[in-house]
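**Student:** I'd like to go over a predicted model; first the sequence, then the structure.
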Amino acid sequence: MNLANKLAATALLASTLLLSGCGQGQIAAVDVDKVMADAPRVKTLMSEAETKIKEAQQKFEQDAAAKPDMTDEETAKLQMEFQRKLEGINQAYASQIRSRMDVVIEEISREKNIDVVINNSESDKLIFHGAIDVTDDVIKKMQ
């Protein structure tokens, strides 16, 4: 048996023991897609982001209308600035959402003595049985 097969067998054995209850670790799962769709704080942040995007869109349109005789280079520059603004807004709000979700998941993990929390969204199902589902707990705390 080569080293890769030994490592794979060891990992399989360790995960089997952990999932079967021989280990002391607790595994939880959270459906991040559901949290993103249902959590009040996420909805609020998404609404704020949409407002900022609309404001940026209006400013872009005003700037473009104010200079109808722009060269192709100036138009491209204005569009790149607008695109960077949109990316900045998206990144800022995604970061806020992720930070808040991380804090909430950490709190729930401590409260319930959970060692591992994985994303178990419907589109990327990893665990079908045996994990504690903390999705609703995360949604409740994301106020």
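**Tutor:** Received the coordinates, thanks. Numbers count the residues shown, from 1 in each chain.

**Student:** C-alpha only now, for contacts and for neighbours.
**Tutor:** Noted.

**Student:** Give me the longest helix you can find in the protein.
**Tutor:** Of all the segments of type helix in the chain, defined by DSSP state H, the longest one is helix 72-111.

**Student:** pLDDT on that helix, on average?
**Tutor:** Helix 72-111 carries an average pLDDT of 94.

**Student:** Any buried residues in that helix, and which?
**Tutor:** Taking 16 or more other C-alpha atoms under 10 Å as the neighbour-count basis, helix 72-111 is seen to contain the buried residues 75, 78, 82, 85-86, 89-90, 93-94, 97, 100-101, 104-106, 108-109.

**Student:** and if you look at stretch 59-66?
**Tutor:** Residues of stretch 59-66 classed as buried under the neighbour-count rule (16+ other C-alpha under 10 Å) are 60, 64.

**Student:** which outside residues touch it?
**Tutor:** Here stretch 59-66 makes contact (C-alpha atoms under 8 Å, 6 or more residues apart in numbering) with 75, 78-79, 82.

**Student:** surely residue 134 meets residue 27?
**Tutor:** No. Taking contacts as C-alpha atoms under 8 Å, residue 134 lies outside contact range of residue 27: 10.1 Å.

**Student:** Could you list every helix and strand in contact with the following helix or strand past the longest helix of the chain?
**Tutor:** In the C-terminal direction, the helix or strand that comes right after helix 72-111 (DSSP states H and E) is strand 116-119. Counting by 3 or more C-alpha pairs under 8 Å, 6 or more residues apart in numbering; DSSP states H and E, the packing neighbours recorded for strand 116-119 are strand 27-30, helix 72-111.

**Student:** and residue 118, which of the ones you listed is closest to it?
**Tutor:** Within the helices and strands packed on strand 116-119, the stretch nearest residue 118 is strand 27-30; the backing value is 4.9 Å (C-alpha to C-alpha).

**Student:** From the rest of the structure, what touches the closest one?
**Tutor:** Applying C-alpha under 8 Å, 6+ apart, the set of residues contacting strand 27-30 from outside is 114-121, 127, 131-135, 138.
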